[in-house]
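Colleague: Sharing a model that was predicted from the sequence below.
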Amino acid sequence: MTRSVSALKGQDTQLNCLFQFPPEQTYNRSVWFIHKGKEHESCLTDEPPLHITINYTERFSLAANIKNGSCTLGIRSITISDERRYCFRFYTNENRWTDKGGVTLRVKATPVISELYLKEPPNEGITNNITCKVSNVYPRESLNIALCADIVPKNETLSEQREPDLTFNVIKTVVFTPSKFHHQKYCTCNVTHSALQQPLLKTVIIEFQYNSNIAVGVGITTILLLFIIIIVLLYCYKQTKGKGKAMSMSSTLPTNNAAHSENAVEAPSQESQTEGNIVNEHFEEPGLVYSEVEFSQKEKQNNKPNEDQQMHMTEYSSVAFRKY
């Protein structure tokens, strides 16, 4: 039966091991080697080749007293490449014994959220995306990323990169179209993994911005509306002021007309208003001589005199003179 040990990348660990043999035999030597067979196969029963034998160096060592039956293997600064199945075998003066199940070392790396960012400042109606990058991931299959649960995305993408140390960088991107709904929304990258005791959380606030073209259009429209309103108000003001003056003048007209009518002499009938040069003829009537106004035929063809001229001629045509 295979035993399993878990360890974090970069830490030290031990693969515990105990063995015993018949008292009549004498311990000779022991060896740790790497299982190269398939997962379900037991450790080799044949002599392991040298290239899979563990050399006790600075990173690998026997961590206990082998003569007392302890065969614990110590490993320092564990790397991803140390993840494998290890087998132990010891020899006596008569036989050899092998732990057929061996010990499987499971290595984990603690992930970190290395980046969380918007591609560009959000503008209304312009497609944008939010990216969360998680680094130092191992094993890859136990990682889960939840990004921006409050945003309804157009689509999501997930990509990964393998690093030289065999860990993964996993990048999740959410594509969305910013709107007023997204203003000051919290976008959280939530990461869970078998190497974490609790989820990793990192948040960015979406500071919404209007489309600059829309803002310029709204500004121009507002200015035009204000200009039209000012013109309408000025027009209404002038119309109101003009009506006030007209009413003031009309209130004084009856008095002036009355004064004029008192001084005016009754105009002759239309038939008597003719144009021409004045020619005096005398008519003998008792006590009076009248001056009659006559006009030449040539002047009759001219235009009708204006009102002032007509009133002047009318006054003269109506005046009576005493006999001389």
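Modeller: That came in fine, so what should we check first? Numbers count the residues shown, from 1 in each chain.
Colleague: Show me where the chain has its helices.
Modeller: 212-250, 253-263, 297-300, 307-317 (DSSP state H).
Colleague: what's the average pLDDT for the shortest one?
Modeller: Yep, that's helix 297-300 we're talking about. When pLDDT is averaged over helix 297-300, the result is 44.
Colleague: How about the last one?
Modeller: Averaged over helix 307-317, pLDDT sits at 45.
Colleague: now do the longest one
Modeller: Model confidence over helix 212-250, given as mean pLDDT, is 72.
Colleague: go on, stretch 123-139?
Modeller: Rounded mean pLDDT across stretch 123-139 is 92.
Colleague: Okay, buried residues for that stretch please.
Modeller: 123-124, 128-139 (16 or more other Cβ atoms under 10 Å). (Glycine included, C-beta is placed from N, CA and C.)
Colleague: Repeat that for stretch 35-47.
Modeller: For stretch 35-47, burial by neighbour count (16+ other Cβ under 10 Å) applies to 35, 43-44.
Colleague: which one of the residues you listed sits closest to Phe21?
Modeller: Cys43 (17.4 Å; Cβ to Cβ).
Colleague: Distance check, the closest one against Phe88.
Modeller: Counting by Cβ to Cβ, to the nearest Å, the gap from Cys43 to Phe88 is 8 Å.
Colleague: and if you look at Ala195?
Modeller: 27 Å.
Colleague: which residues does Ile75 contact?
Modeller: 7, 12-15, 59-60, 82, 105 (Cβ atoms under 8 Å, 6 or more residues apart in numbering).
Colleague: Now, of the residues you listed, which are buried?
Modeller: Counted by 16+ other Cβ under 10 Å, those give 7, 13, 15, 60, 82, 105 as buried.
Colleague: tell me which of the residues you listed is nearest to Asp165?
Modeller: Asp82 (11.5 Å).
Colleague: any idea of the pLDDT on the closest one?
Modeller: With respect to pLDDT, Asp82 scores 95.
Colleague: can you check Tyr86 too?
Modeller: pLDDT, Tyr86: 93.
Colleague: on that earlier part again, and for Cys43 and Phe88, which residues touch both?
Modeller: Common neighbours of Cys43 and Phe88, using Cβ under 8 Å, 6+ apart, are 98-99, 102.
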